[in-house]
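In: dropping the sequence and predicted coords here.
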Amino acid sequence: MLEKILIFMVFLCPLIFFHELGHFFFARLFGVRVETFSIGFGPKLFRYVKNGTEYVLSLIPLGGYIKMFGDDPLNETPMSEEDKKYAFNHKSKWARFWIVFGGPLFNFILAYFIFVFLLLSGEKIPVAKFGQLGEDSILRSKGVQPADSIVRINNVAIQGITDFGFGENENIHSVGVKRGNDPQEISIALNIPFKTFMEDFIKHPPHFRKPIMVDIRGNRYGLTFVQGKMAWDHSLEEMNAKAGGFDKAYLYRFIEVGGVNKTNADAETDTGAAGTGSGLKEGEYLVNYKVEKVIDLKGMKPNELFATIAKEGFYVHDLQVAKLAEGSAAEKAGLRANDIVVAVDSTPVYGFESLRNYLTKLGKAEAGAPISMVVKYYRNTTLSEATVYPDLTTEDGVKAYKLGVYSSNEFVPMSFVLSEPKGFIDALGIGFYRTWDALEKTVSGVKKLIFREVSFKNVGGPIAIGKVASDSYEVGLSYFFKIMAFISVNLSVINLFPIPVLDGGHIMFIIFEIFNRGPLSRKKLEMAQRFGLSLLLLLIFAAIFNDITRLLR
């Protein structure tokens, strides 16, 4: 926990420092006296005074501030002509604009130079992989398979997603992919606009399931094509796509952490990571290679793996219910945790994603009409049925029915590759493109929130930022700094919101002064600041509430 707190502070403090440095730089440039430069809020842990400015490090590192002489528009204390030379409120509108805008501007500059540095040094980037492409996927209809790695687009070599430097209206003639560990490149003809390609690519994120199956008793097994060895870097999606090239599949029983047979002499530690057989963490398993189930795959076509194994009484692990939402349709129908869902309305399902797609398709077809469905599930080796009346929800503008079940998902860690360092001139140009792209993505996200195209539940507070920082640090320093650059752009945009007490609110007042031909009245300023502070506190409370809700799930 202490390590994560330190990572969070290392992540956030540079963003705060550069933001306040922007205000400080322009204040000094225009001759405004800066009384306090603080990183953090609350009790002061460290203070240093130089040239009339108090530099402070405070206890709560969730923001910062600079206090400028004469920056309180509600203060009506008379000021001498000499003091007016150093007072913020007595500077020109142009000077005040740059002092206020300096904070967001320096965050943009910080993001730009982080991107440039990463490009010059080479960066650890995610391998460009297609996700769990649904039945409605254009890419799948063209021959692309889930978990295919992209190595070439239109004969241009691709290392990662950051190499997708194509114009929106440019046509994607073909894509070169690699499937699983097969070194041979497969060329697939697409002939679709790049915009269409990206929309389908982004719609299906590369979340791939670990090769874990579950039997009708709830016991877990590792699935592999190699006798006596688990291949943890192979996802179920990759195995399903390649299964047609194998004669047999092997299932090995797991002895889960905390199980009574944990010290069974026939069991070996196999976690896909370093392990000693003791002190195993959640999600790690002891694999009993002495007990196996062999599945004959002869004559089976690609993408039929799950259906073939289901005939033997084994199902993908994410079909096992982890828990149910309180008061949900599934709970009312009698489903319970650890039930294994195998079919809906006589249609077999081979993963939680296929179940979700089935419900989404019903939401589109039924146009909101009340419906019922029969869910088949195993509980304690018994195949049962339940009539469920799913709840209709609208999320991100899409209608879908929901059962209210949480899946027992476990995912393969994301794959990364080290990119080739760019030249100095290229880095400067690409760095600007990436900063602008981050700005466009942030503005687009805000617009979707305002027009309710996405749920406000997606907004995160300090806990969410801390988790992102910790997760990115575990991936690697280059990814950590890339996320820092993106959050720096987010911070710039958020501070430019036209909300009183934020930088954007101050800029808005300056614009009002131009049209008003003078400062706003004291009463209007007081009302605006109260409104702005209330709205900001409401947004902060909502973001923290979302953080806590995610932790309790």
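Out: Arrived safely.

In: so which strand or helix has residue 45?
Out: strand 34-50 (DSSP states H and E).

In: packing partners of that strand?
Out: In terms of contacts (3 or more CB pairs under 8 Å, 6 or more residues apart in numbering; DSSP states H and E), strand 34-50 is packed against helix 2-29, strand 53-68. From N, CA and C alone the C-beta is placed, and that goes for glycine too.

In: leaving out the residues flanking it, which one is nearest to the residue nearest to the spatial centre of the chain?
Out: Centroid-nearest residue in the chain: residue 468, 7.7 Å away (criterion: CA atoms, centre = their mean). Nearest non-adjacent residue to residue 468, counting by CB to CB, 6 or more residues apart in numbering: residue 483, 6.0 Å away.

In: dump the residue contacts of the one you found.
Out: Counting by CB atoms under 8 Å, 6 or more residues apart in numbering, residue 483 touches 11, 468, 469, 472.

In: kindly recompute the last result at 10 Å.
Out: 11, 114, 465, 468, 469, 471, 472, 473, 475 (CB atoms under 10 Å, 6 or more residues apart in numbering).

In: so it, which state does it fall into?
Out: helix (DSSP: H, G, I helix; E, B strand; the rest coil).

In: buried set for stretch 488-504?
Out: Neighbour counts over stretch 488-504 (16 or more other CB atoms under 10 Å) mark 488-497, 499-504 as buried.

In: next step: these restricted to helices.
Out: Within these, residues falling in helices by DSSP state H are 488, 489, 490, 491, 492, 493, 494, 495, 503, 504.

In: nearest to residue 205, of the residues you listed?
Out: Distance to residue 205 across those (CB to CB) is lowest for residue 490, with 19.6 Å.

In: what about the residue nearest to residue 468, distance to residue 52?
Out: Residue 483 sits 37 Å away from residue 52, going by CB to CB, to the nearest Å.

In: then residue 492?
Out: Residue 492 sits 29 Å away from residue 52, going by CB to CB.

In: can you tell me which residues contact residue 3?
Out: Per CB under 10 Å, 6+ apart, neighbours of residue 3: 470, 473.

In: give me the helix or strand of the chain that scores worst on average pLDDT.
Out: strand 267-269 (a mean of 43; mean pLDDT, DSSP states H and E).

In: how about stretch 40-47: buried residues?
Out: Residues of stretch 40-47 classed as buried by neighbour count (16+ other CB under 10 Å): residue 40.

In: now what about it, what contacts it?
Out: 9, 12-13, 16, 36, 38-39, 54-65.

In: which PyMOL command selects the buried ones in these?
Out: Entered in PyMOL, the line below selects the buried ones among the contacts of stretch 40-47, by 16+ other CB under 10 Å:
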select buried, resi 12+16+38+39+56+58+61+63+64+65
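
In: how about the helices in the stretch 251-400 of the chain?
Out: Taking DSSP state H, counting those that start in this stretch, the helices of the stretch 251-400 of the chain run over residues 305-310, 329-333, 352-366.

In: can you give the domain ranges for this protein?
Out: Listed by automatic domain parsing, the domain ranges of the chain are 2-120+476-552, 138-203, 212-317, 320-407.

In: residue 416 is nearest to which of those domains?
Out: Among those, domain 2-120+476-552 sits nearest to residue 416 (CB to CB), with 6.8 Å.

In: what is the mean pLDDT for that closest one?
Out: The pLDDT scores in domain 2-120+476-552 average 85.

In: quick one: distance of it to the chain centre.
Out: 26 Å (CA atoms, centre = their mean, to the nearest Å).

In: stretch 295-309 too?
Out: Offset of stretch 295-309 from its chain centre (CA atoms, centre = their mean): 34 Å.

In: returning to that earlier point: farthest pair in the ones in helices among the buried residues of stretch 488-504?
Out: That would be 488 and 504, which, of these, are the farthest apart (CB to CB) at 16.5 Å.

In: low-confidence ranges in the stretch 101-250 of the chain?
Out: The stretch 101-250 of the chain contains residues with pLDDT under 70 at 162, 165-169, 180-181, 244.

In: can you give me the helices in it?
Out: 138-141, 194-203, 236-242.

In: what's the burial count for residue 400?
Out: Look at residue 400: counted by other CB atoms under 10 Å, it has 20 neighbours.

In: what is it paired to in the beta sheet?
Out: Beta bridges link residue 400 to residue 393 when assigned by DSSP bridges.

In: can you list the buried residues in the longest helix seen in the chain?
Out: Looking across the chain with DSSP H, the single longest helix is helix 522-552. In terms of neighbour count (16+ other CB under 10 Å), helix 522-552 has its buried residues at 528, 529, 532, 535, 536, 539, 543, 546, 547.
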